[in-house]
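1. need coordinates for the following:
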Amino acid sequence: MCFRILLAKKRGIKYLPPNFIFFPTLNSSSIVIDVGCGFDADLSCALIKRYKVNAIVVDPTRKHKSNLLDLAKKYGKKFKYLQLALSKNIGKTTFYESLNNESGACLPDHVNILNDNIRCYSVDSVNLDWLANKIGKSIDLLKIDIEGAEYELLRNVKKASLIPFKQIFIEFHHHAIESYTYEDTLNVVRKFQNFGYHYFSIDNHNFLFFRP
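-> Here you go, the predicted model:
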């Protein structure tokens with residue numbers, strides 16, 4: 001992994017622990033959408049501090065709400081919180097919240113859901129087109145960390161739905177979902193390649209997609 005981080009640097013890609021990679025072409029006018037931000041929205045907070053970006057954080061987890069509202073107060077207009085799940089469809093979906101780990105999931109066969117104490121509830125879900133239309137502008141960076149739901153989200157995605165996003169960082173979860181394998185991740189990578197995207201990964205789990 002250390003070699004891949006050095007290679008990323010040579011290509012002008014910024015590595016931000018624990019696993020984020022992106023091109024640092026960001027400034028105070030940039031828009032970042034952070035889907036699956038977790039309770040601390042660590043990527044968004046780091047980018048606000050470093051580049052003064054405008055962050056929109058998206059997470060359906062009820063136990064994260066208080067922390068995320070506190071961050072919204074702290075960062076003001078630079079930080080907008082949407083308590084939503086990202087899905088292939090607009091509507092409602094069931095969310096399984098882990099009581100033992102930070103990450104819950106919309107998939108019942110996620111390792112945390114199988115092994116942890118959980119509570120489940122209905123959440124509002126939106127798709128990529130909804131996000132792009134909601135912002136109404138070109139988005140400089142989209143991060144997707146949705147604990148396995150990325151496969152269904154991207155299985156039949158159209159190129160037009162990806163165009164608004166200049167960079168797309170995705171954490172894949174073939175290691176955490178019984179019904180998906182690394183080959184499913186590679187199928188998504190090939191789809192992006194067919195759409196004309198280049199990609200880079202430091203660990204074969206976290207991928208940055210970008211247009212040349």
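2. list the buried residues for the lengthiest helix in the chain?
-> For the chain, the helix with the greatest residue count under DSSP state H is helix 182-194. For helix 182-194, the buried set under the neighbour-count rule, 16 or more other C-beta atoms under 10 Å, comprises D184, T185, V188, V189, K191, F192. Any C-beta I mention is one placed from the backbone N, CA and C, and that applies to glycine too.
3. closest to V58 out of these?
-> Of all the buried residues of helix 182-194, V188 has the smallest distance to V58: 19.6 Å, by C-beta to C-beta.
4. where's the closest residue to the closest one other than its chain neighbours, which helix or strand?
-> Leaving aside its chain neighbours, V188 sits nearest to L154 (5.1 Å; criterion: C-beta to C-beta, 6 or more residues apart in numbering). Using DSSP states H and E, the element containing L154 is helix 150-155.
5. and the next helix or strand past that helix?
-> Per DSSP H and E, the helix or strand that comes after helix 150-155 is helix 159-162.
6. tabulate the CA atom coordinates of that next one in CSV.
-> Taking C-alpha atoms only, helix 159-162 is exported to CSV below (Å, rounded to 0.1, in the frame of the first residue of the first chain):
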residue,chain,number,x,y,z
LYS,A,159,-23.2,7.6,-18.1
ALA,A,160,-25.4,10.7,-18.1
SER,A,161,-26.0,10.1,-14.3
LEU,A,162,-22.2,10.3,-13.7
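7. now it: buried residues?
-> Under the neighbour-count criterion of 16+ other C-beta under 10 Å, helix 159-162 has S161, L162 buried.
8. moving C-terminal of it, what's the next helix or strand?
-> Next element after helix 159-162 (DSSP H and E): strand 167-171.
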